[in-house]
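Enquirer: Based on what follows, work out the 3D shape:
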Amino acid sequence: MAKTESIPDQDALRRVGKQVRERLEADPGVYKIDTDKAELYAVGDFLSKSECKRLCTMVDLHARPSSLHEIGYDSGFRTSYSGDLDPYDSFVMGISRRVDDLMGLDPLVGEPIQGQRYLPGQQFKPHNDWFYTSEKYWQLERKRGGQRSWTTMAFLNEVEEGGETHFTEIGIKIEPKPGVLLIWNNATIDGAPNIDTMHAGTPVVKGVKYVFTKWYRTRKWK
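Expert: Have a look, this model is predicted:
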């Protein structure tokens, strides 16, 4: 195993991982998905139908072509539309705080909620949410709050066909069900980035897919 000092934020990832793991596993409303490759959880009916509908409308208002660090929209790697929801909107603040409370994490380490919309044919190819610290972008992300510890993602609508969240290394596909919140630890129990959290948003075949994502850092988000 790599030495602690060779992996940025490893101690923090280990500590935050343990803190959230214990909280989620003590919550009877949280379901643990059966896999030994990653810590993956789900909460059914986290959002009501009316909340999902309102969030879909907000996603439409903020949507713009998605990008990923140096990879542009025209690469075809991430072809959805996305945008940060207004963090000062009272409705968004309430949703965000509910996620914070579920996770037991300080709101200061949470990124703004990002809404995403996928039209037919749009997708997000396999990727990890944690940062590759050997890449140039890490110097910026290190200053913005460090490594991403946990990911939360809420499904906001029914999709006619396609649009699953595919954990490629684990070998499971999760169909979008409105109101469900999906949660996973981006690190291993030892605090190293977990390559088995590789996941993809599979292409939408029919209909439209709406989700929101909220990521948590190891330090205060800037």
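Enquirer: distance between the biggest helix by length in the chain and the chain's centre?
Expert: Using DSSP state H to define each element, the chain has its longest helix at helix 10-25. Distance, stretch centre to chain centre, for helix 10-25: 16 Å (Cα atoms, centre = their mean, to the nearest Å).
Enquirer: do the same with stretch 118-134
Expert: 10 Å.
Enquirer: Show me which residues of that stretch are buried.
Expert: Tyr118, Gln122, Gln123, Phe124, Lys125, His127, Asn128, Asp129, Trp130, Phe131, Thr133 (16 or more other Cβ atoms under 10 Å). In this view, the C-beta of every residue, glycine as well, is placed from N, C-alpha and C.
Enquirer: can you list contacts of the next helix-or-strand element following the longest helix of the chain?
Expert: Going down the chain from helix 10-25, the next helix or strand is strand 31-32, by DSSP states H and E. With contact meaning Cβ atoms under 8 Å, 6 or more residues apart in numbering, strand 31-32 is reached by Leu24, Glu25, Glu39, Leu40, Tyr41, Ala42, Val43, Gly44.
Enquirer: quick one: average pLDDT of strand 31-32?
Expert: Mean pLDDT, computed over strand 31-32, is 98.
Enquirer: quick revisit: pipe the contacts of strand 31-32 into JSON lines and attach pLDDT and secondary structure per row.
Expert: Conversion of those to JSON lines gives the following (pLDDT from 0 to 100; DSSP: H, G, I helix; E, B strand; the rest coil):
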{"residue": "Leu24", "pLDDT": "98", "secondary structure": "helix"}
{"residue": "Glu25", "pLDDT": "97", "secondary structure": "helix"}
{"residue": "Glu39", "pLDDT": "98", "secondary structure": "coil"}
{"residue": "Leu40", "pLDDT": "98", "secondary structure": "strand"}
{"residue": "Tyr41", "pLDDT": "98", "secondary structure": "strand"}
{"residue": "Ala42", "pLDDT": "98", "secondary structure": "strand"}
{"residue": "Val43", "pLDDT": "98", "secondary structure": "strand"}
{"residue": "Gly44", "pLDDT": "97", "secondary structure": "coil"}
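Enquirer: ok, so of those, who is nearest Ile183?
Expert: Tyr41 (4.4 Å; Cβ to Cβ).
Enquirer: what about that closest one, neighbour count?
Expert: Using other Cβ atoms under 10 Å, Tyr41 has 21 neighbouring residues.
Enquirer: ok, it to Trp184 distance?
Expert: Tyr41 sits 7 Å away from Trp184, going by Cβ to Cβ, to the nearest Å.
Enquirer: who are the neighbours in contact with the spatially most central residue of the chain?
Expert: Of all residues in the chain, the one closest to the mean position by Cα atoms, centre = their mean is Thr151, 3.6 Å from it. Thr151 makes contacts with Asp129, Ile183, Trp184, Asn186, Thr197, Thr213, Lys214, Trp215, Tyr216, as judged by Cβ under 8 Å, 6+ apart.
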